[in-house]
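Enquirer: got a structure for you, letters missing:
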Ligand SMILES: Cc1ncc(C[n+]2csc(CCOP(=O)(O)OP(=O)(O)O)c2C)c(N)n1
Ligand SMILES: Cc1ncc(C[n+]2csc(CCOP(=O)(O)OP(=O)(O)O)c2C)c(N)n1
Ligand code: SF4
Ligand code: SF4
Ligand SMILES: [Mg+2]
Ligand SMILES: [Mg+2]
């Protein structure tokens, strides 16, 4: 079809297939190509089976593909699992260290190599993955010098000896792969300075830093952990504190305590941890303390499938915690979007003094893509602007007249830091009066509920309506969050087949202006594409607009929603294919 | 208006106003009257202000009234707060122990008595409340002997001396009140054997026992605690275990562990505790372990208002926990209904092997009413029938062939107890195969999600559609749970005023058959009456049926929704009053 | 009653005669003695009768969820370790619902002064057993007596590695005020378990009951640096005698001394550096 | 490897060389020695590598949430105290997320055998610090070293009042099997903290590291009824020497002996009595 090439690297946990992937990504990046990668793995440390997908193209990619042009099988199992999916031009690299070479593919298609042996001869068995990367680079024809550059960059920090050894391994591999070139039309330009290769996890971490988050209390939980791992890595360079909490309840309450004391705080977890944070979410709500929670979704309920992906926490997130209070919910559609979504979540959470939730998922966290992130370092996340921090509050603590919950026209009360001469700050998770002292007077209660809900008007104004593509179409693939790329690609394919279909894609999910949304969606035949069983976005749209969807493509097997899956399913929907 | 009389007893916490109330309730019950009582109190142990409402009538009552015919003011504050609400025929008993008698009411209306002094002369200052009850009995004209009977019954268990002392106190009071009779048309018949005076809390406890619940792990939280307090009291007579857990997370997981081991378990809490149980709720969902959680709602978010009432956890409850799974949600409309709702929740939770949630609230928990509860002691909650416990499973543990999650037509798999010769039982909160072992194969995942959702068909069949009154009306007061009585009474009043209004009242809330519900509601103008700010039932109805409500009467001040409040608000709705 | 700059005009909701009043007085006394003003103080309250304390004096106040005071306090202190943070919590709040945070806060050695109003009962929720209620005690809910051994706060604090452990008694206000001062000057996690009679729900551990049993460790010549002696005190059954005073204190790095980034300055006072973020983005 | 009636045909997901294998072997050995069959056993797993254990042998299995194994086990045991319940949990599961249940289960003295696979790391989530990780240890996440003092399982168990406390080592399978047998015959809460090398993420506390430090308490003539001696063992830094064997054991009423209703028969085996319920209703 396109010009793009997909490389699938399969093997057991602990064999380093992600290393091969990231070496190849580095080489392709060096060669000016766009990449999209995704990791599929089990909840174990050694053995079993996992794979890494790397797709490359001369133009931006929005998602992975499952049909490999190059299959790197680090064990026989991986060969058996995927060789039938090879494209016509496909090539296989099989690691023959274990001995048993499958005989059912012709030699020009399949290259069997004892990778560890080759690596040993290059100086160390641990460079087997670099040998594999070398073979694939040769199959792609990236040129050896470009590959060398990428390998050097990758290993530079580990010292000269390591670099030398890996370069030798690379060359061994490159040599071995040279007569097995894959037929393709990609052109290797040069490194493009402004582009980055960004994973969802890294983008989330950077988005938080860009919004001046400084405190990251968390408890490890897949697939939320990689976000925090990136932050921990960055903690050497920026003044932040990453603190492993004793549990998720502590994490969210630590975040609230820090935010109260003037430091922006964010925590990342998955659905199980989010469940434990629900009471704290409500505390942020009633105490009007800004915090951001990233819920990287995985299949549930309960422990579910730890390393798999899902989009099934939307309605839970919107309604979580007892009683009612305004909150934001975002679900970025790609790794690049994640940077902006997390930054926006932090900023708006601060400005409106409400909690914000960012819904990601394993697919998004563990996907990486090439693109450009615009960030102006001079454009400071000015606390005074974003949070209505009131440095001018003239009340003195002697007088004790500062009111943390002063009733205002927009529901937002000026904040001041605790323990300054500007006034005594009192914050409570009980219903409280303007002063912050608990107050259970019925009139006050209503005033405070109204105050909090007043913010909704301003909050809705900040929300971006879903993007619409091909608005004149009859049908619309409709999705939210990480299915974005797959839906876009599927739409493209379907249109080429003559299907009259566009798309409607949500990233800002709550609170939405019902009228604007109704205007946008009315008359459209919506085909929901969701990573859950019940079509939660459909429920949300129906409850907001009264518009019922036309059909639902529900994927809930724990795996990402690939473009070709959508295409297949949509073709079968009655009335869609004329 | 009606024949009913309302007694308001106001005072500080610790003054025993509830004791006066329950003495009077006993006297009225003895006299064959129907009662409805409600407690309003603060989150403190001594001082402040609280009140007890007692309404009595010759016919069944569905809610309290706020306009006292008799005001018992145990302190001056209570007099000041309520005397202006006295009905025309109203009488006041003011406790003058503190000295300051208000002078602005004529003596025939107001009786000032030094209750403690009178009590002392009867044998003990602690009988002051019995003196007060005696005064009111006289004002009502119950007759002394009837009052004596009730007092005897109340104190019998405490020994003869206590009974004597209280009878003396009663008589002192009765004597003092004799010339202050309230004008009324109630007739005192005799004690009606089949009737009981039931509070929501007690009804919940009894409903659980009637369904053979035996284990009650819990963590104290108002207004959930009274339910467990009743169970603890009953634990002397029935073989149950009431265990105070270290926290709510432990409570829900203990319940799951016990249920797995074959004992029906129920826990009661409020929204904050429910928030902490959310992860466990999901575990019950995926592991298909029946449990029941009573969430006695109070205003939130977070700590909110500990002793106040609200109905704002409906959508949270329906969507709580990561990912999706079937559950039941019930919201009984009265204390009597609570018995049946809790029993039903336990039974259906067992039959469908899903968690069930019963939404109560402080108003319902702390309300008591007269009525009849039908319960056939012979009709055992047969475990074999209700839970598909399969005693005939012939697999032996040697063969290890029993499958806890066997795929069946209705989604329900036969259960067996663990650790019997019938087979090895394996239960997991990870996604699992039919055997119960974790399994992350995508096809299995879909099969298991489908299996769980298959139950929905059967579950929906068990749900009672909302009751409808006056189906030919133009407008319908529409509510759920504890507002039932207030809505019924308001409807009555409005119809007498010529308003064309009926009602639609929900007790079974989830899962509902969308088609049946649409049929039932279509064409009706719904006036929502809810104890929350956003109209959550309205959102639910809209998302299920596409029907938007006509208007919303939202009460979120933490206080019950009294009939007269509804009447006032509905009168103001445009188009309702012709 | 003497006046204090920490007095505020707000109705107190505790029962007359409650031990909490003595604690409140001691707190004010200690804060005065340390020359603090209300603006210098952040009081963090749990939920319960004890947790209400910050409402009853002039200070900055953070009042959140049942059981979570120490987690919030940890967050606030990490954000700005220049704050003087005192936590008012109950035996249920701290050792029951909040047990896991109690363990973790000690292990982090967060510089907090933690006052546990230990009335051996759940006061605000009307008299259920608390973790410190003695095994077999009959309560409003546990009619056959409680079924769990009592939690020993001092032993648990010591075993968890707490760097400052004291016991006070609400009936000995001056001593308690002194202990609070000590705790506040301790550079690390400082816990004072305070015997506090609950006149409404605890008819066993009354003022008189405590009075009969308490003795002052200073008088007894106890050396707070002696861990073994401290442990022996912890293991002495309260039914016999109750030691009050500083039971154990040791040097140690507080949390904010353990992290390089906090050694330089409080987290809140760093300037935002967009260039660094930009460079991190570019290196992706 | 010898076969056992507890073997099952299921792929084991642990890393080759993991200390968990030794624990699994010891468990089977102990169950055989106690003449149990798979049907007699209820194994309850937490979430983590340790928590996977019940999947790898023939038994009844309950496998739930991270940190909540002890709460589930308590519920199961209250429902039917005739069950033989063994809990497989990790140091993170039991002392981290589950810390509060750990404290409470000890205080209730629920008759459980708790095996804590203590690898001093979060294994399944790829190498973050656990509560038992030594202060300052550099991990996959804590690049500047951890910032909390290590949790001392034996000291905490003793301070909380545990009635049976032992330490095992996955490298000493026979001893461990014996300890498990002892624990299972103990009428109350029995915890065995098991030194378990994690070959993938813990490069400090390796098999060799433990091997160098462990010694057998029986050989050393330790008397498990001596609380002071037990406490001294608990306080000995693991960096020096590691005692294995039964550290402390005492008599005491298990939870199900504390409640009248359970003294008669297991809760699950009472017959439903509709008449009693009816009479309670009528008396309302
Ligand atoms: C999550 C949650 N669970 C339960 C409660 C109810 N609750 C409020 S205070 C309290 C216990 C109070 O006991 P303690 O901490 O000892 O304080 P005291 O009132 O005795 O001072 C409880 C259980 C709550 N507010 N939140
Ligand atoms: C609520 C929740 N939080 C976090 C996790 C993620 N998680 C799974 S296992 C684990 C820790 C495992 O450590 P440990 O208990 O020591 O077991 P090990 O793998 O080392 O044997 C964590 C944090 C989870 N499953 N659920
Ligand atoms: S209930 Fe007890 S602790 Fe609470 S205020 Fe009253 S006496 Fe004090
Ligand atoms: S990661 Fe560590 S604990 Fe987990 S299986 Fe591997 S070696 Fe064992
Ligand atoms: Mg207490
Ligand atoms: Mg571990």
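Expert: Looks like it arrived, so ask away. Owing to the predicted nature of the structure, the values given are computational and were not obtained by experimental measurement. Numbers count the residues shown, from 1 in each chain, chains lettered A, B, ... in the order given. Ligands and ions are numbered 1, 2, ... in the order given.
Enquirer: can you pull out the strands in chain C?
Expert: In chain C, the strands defined using DSSP state E lie at C:41-45, C:60-63, C:84-90, C:113-118, C:164-169, C:190-195, C:214-216, C:242-249.
Enquirer: Nearest to residue A:361 among those would be which one?
Expert: With CB to CB as the criterion, residue A:361 lies closest to strand C:60-63 of the strands of chain C, at 33.6 Å. Quick note: C-beta positions are derived from backbone N, CA and C, even for glycine.
Enquirer: just for the stretch 51-200 of chain A, where's the confidence low?
Expert: Residues of the stretch 51-200 of chain A meeting the criterion pLDDT under 70: A:103.
Enquirer: Just the helices from it, written as ranges.
Expert: Using DSSP state H, counting those that start in this stretch, the helices of the stretch 51-200 of chain A run over A:76-82, A:115-122, A:128-140, A:144-155, A:160-177, A:200-210.
Enquirer: As JSON lines, the strands of chain C with mean neighbour count and mean pLDDT would be great.
Expert: Output for those, formatted as JSON lines (neighbours: other CB atoms under 10 Å in any protein chain shown; pLDDT from 0 to 100):
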{"stretch": "strand C:41-45", "mean neighbour count": "28", "mean pLDDT": "98"}
{"stretch": "strand C:60-63", "mean neighbour count": "29", "mean pLDDT": "98"}
{"stretch": "strand C:84-90", "mean neighbour count": "29", "mean pLDDT": "98"}
{"stretch": "strand C:113-118", "mean neighbour count": "28", "mean pLDDT": "98"}
{"stretch": "strand C:164-169", "mean neighbour count": "28", "mean pLDDT": "98"}
{"stretch": "strand C:190-195", "mean neighbour count": "28", "mean pLDDT": "98"}
{"stretch": "strand C:214-216", "mean neighbour count": "15", "mean pLDDT": "97"}
{"stretch": "strand C:242-249", "mean neighbour count": "23", "mean pLDDT": "98"}
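Enquirer: closest to residue C:138 out of those strands?
Expert: Nearest of the strands of chain C to residue C:138, taken as CB to CB: strand C:113-118 at 19.2 Å.
Enquirer: who's in contact with residue A:412?
Expert: By CB atoms under 8 Å, 6 or more residues apart in numbering or on different chains, residue A:412 lies in contact with A:351-353, A:388, A:455, A:458.
Enquirer: That one belongs to a strand?
Expert: No. Residue A:412: not assigned to a strand; according to DSSP: H, G, I helix; E, B strand; the rest coil it is coil.
Enquirer: where's it relative to ligand 3, distance?
Expert: To ligand 3, residue A:412 is 36 Å away according to CB to the nearest ligand atom, to the nearest Å.
Enquirer: swap in residue A:480?
Expert: From residue A:480 across to ligand 3, the span is 49 Å (CB to the nearest ligand atom).
Enquirer: Let me know the pLDDT of the closest residue to that residue other than its chain neighbours.
Expert: The shortest distance from residue A:480 to any non-neighbouring residue, by CB to CB, 6 or more residues apart in numbering or on different chains, is to residue A:506 (4.0 Å). Residue A:506 carries a pLDDT value of 98.
Enquirer: neighbours around residue A:506, how many?
Expert: Residues lying near residue A:506 (other CB atoms under 10 Å in any protein chain shown) number 25.
Enquirer: hang on, it packs against residue A:477?
Expert: No. Between residue A:506 and residue A:477 there is no contact under CB atoms under 8 Å: 11.8 Å.
Enquirer: Make JSON lines from the strands of chain C and add distance to chain A to it.
Expert: Shown next, in JSON lines, are the strands of chain C (distance: least, CB to the nearest CB, whole Å):
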{"stretch": "strand C:41-45", "distance to chain A": "5"}
{"stretch": "strand C:60-63", "distance to chain A": "4"}
{"stretch": "strand C:84-90", "distance to chain A": "8"}
{"stretch": "strand C:113-118", "distance to chain A": "14"}
{"stretch": "strand C:164-169", "distance to chain A": "20"}
{"stretch": "strand C:190-195", "distance to chain A": "17"}
{"stretch": "strand C:214-216", "distance to chain A": "33"}
{"stretch": "strand C:242-249", "distance to chain A": "23"}
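Enquirer: mind putting these in JSON lines, distance to residue C:128 included?
Expert: Shown next, in JSON lines, are these (distance: least, CB to CB, whole Å):
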{"stretch": "strand C:41-45", "distance to residue C:128": "20"}
{"stretch": "strand C:60-63", "distance to residue C:128": "22"}
{"stretch": "strand C:84-90", "distance to residue C:128": "12"}
{"stretch": "strand C:113-118", "distance to residue C:128": "15"}
{"stretch": "strand C:164-169", "distance to residue C:128": "23"}
{"stretch": "strand C:190-195", "distance to residue C:128": "19"}
{"stretch": "strand C:214-216", "distance to residue C:128": "26"}
{"stretch": "strand C:242-249", "distance to residue C:128": "23"}
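Enquirer: could you dump the ones you listed to TSV with distance to ligand 4?
Expert: As requested, these are exported to TSV (distance: least, CB to the nearest ligand atom, whole Å):
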stretch	distance to ligand 4
strand C:41-45	38
strand C:60-63	39
strand C:84-90	36
strand C:113-118	35
strand C:164-169	35
strand C:190-195	34
strand C:214-216	49
strand C:242-249	35
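Enquirer: Skipping adjacent residues, who's closest to the residue in chain C positioned nearest to chain A in space?
Expert: Distances between chain C and chain A by CB to the nearest CB are smallest at residue C:75, namely 2.8 Å. Using CB to CB, 6+ apart and skipping the chain neighbours, the partner closest in space to residue C:75 is residue A:257 (2.8 Å).
Enquirer: confidence score at the one you found?
Expert: Predicted confidence (pLDDT) for residue A:257: 98.
Enquirer: Thank you kindly, that will do.
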